[in-house]
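Asks: Got a sequence here, can you build the structure:
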Amino acid sequence: MAALAGIGWNLHLRAFYARLVACGKLKKVALVAVMRKLLIHLNATMRTAADTAAPTAPET
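Replies: Numbers count the residues shown, from 1 in each chain. A predicted model of the protein is given here:
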């Protein structure tokens, strides 16, 4: 899963996961929270990329 890889190398996600577990969340619940955070980031990145892409000629 991408969330497991994200926890491994991304310091922000690792700290977020560790904070959730330290506050008493189950490890699976914390992992789902990290997955949701990654999905929201991916959607925002794709939306930004689509907004900045060069417009194509309209089809007729």
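Asks: So which elements touch the longest helix seen in the chain?
Replies: In the chain, taking DSSP state H as the definition, the longest helix is helix 27-52. When contacts are defined as 3 or more Cβ pairs under 8 Å, 6 or more residues apart in numbering; DSSP states H and E, helix 27-52 packs onto helix 2-9, helix 11-22. No exception for glycine: its C-beta is placed from N, CA and C like everyone else's.
Asks: Can you tell me which of those helices is nearest to Ala50?
Replies: helix 2-9 (20.7 Å; Cβ to Cβ).
Asks: Now do the closest one, average pLDDT.
Replies: Averaging pLDDT along helix 2-9 yields 66.
Asks: State the pLDDT value of the residue nearest the centre of the chain.
Replies: Centroid-nearest residue in the chain: Leu38, 1.0 Å away (criterion: Cα atoms, centre = their mean). Per-residue pLDDT puts Leu38 at 89.
Asks: what would the helices and strands packed on helix 27-52 look like in a markdown table with distance to Ala50 and mean neighbour count?
Replies: Rendered in a markdown table, the data for the helices and strands packed on helix 27-52 read as follows (distance: least, Cβ to Cβ, whole Å; neighbours: other Cβ atoms under 10 Å):
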| stretch | distance to Ala50 | mean neighbour count |
| --- | --- | --- |
| helix 2-9 | 21 | 14 |
| helix 11-22 | 24 | 14 |
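Asks: will you turn those into JSON lines that also has distance to Ala44?
Replies: As requested, the helices and strands packed on helix 27-52 are arranged in JSON lines below (distance: least, Cβ to Cβ, whole Å):
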{"stretch": "helix 2-9", "distance to Ala44": "15"}
{"stretch": "helix 11-22", "distance to Ala44": "15"}
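Asks: Select, out of these, the one closest to Thr45.
Replies: Between Thr45 and the helices and strands packed on helix 27-52, the shortest gap by Cβ to Cβ is with helix 2-9, which sits at 13.2 Å.
Asks: which stretches of the chain have low pLDDT?
Replies: Flagging of the chain using pLDDT under 70 yields the residue ranges 1-7, 53-57, 60.
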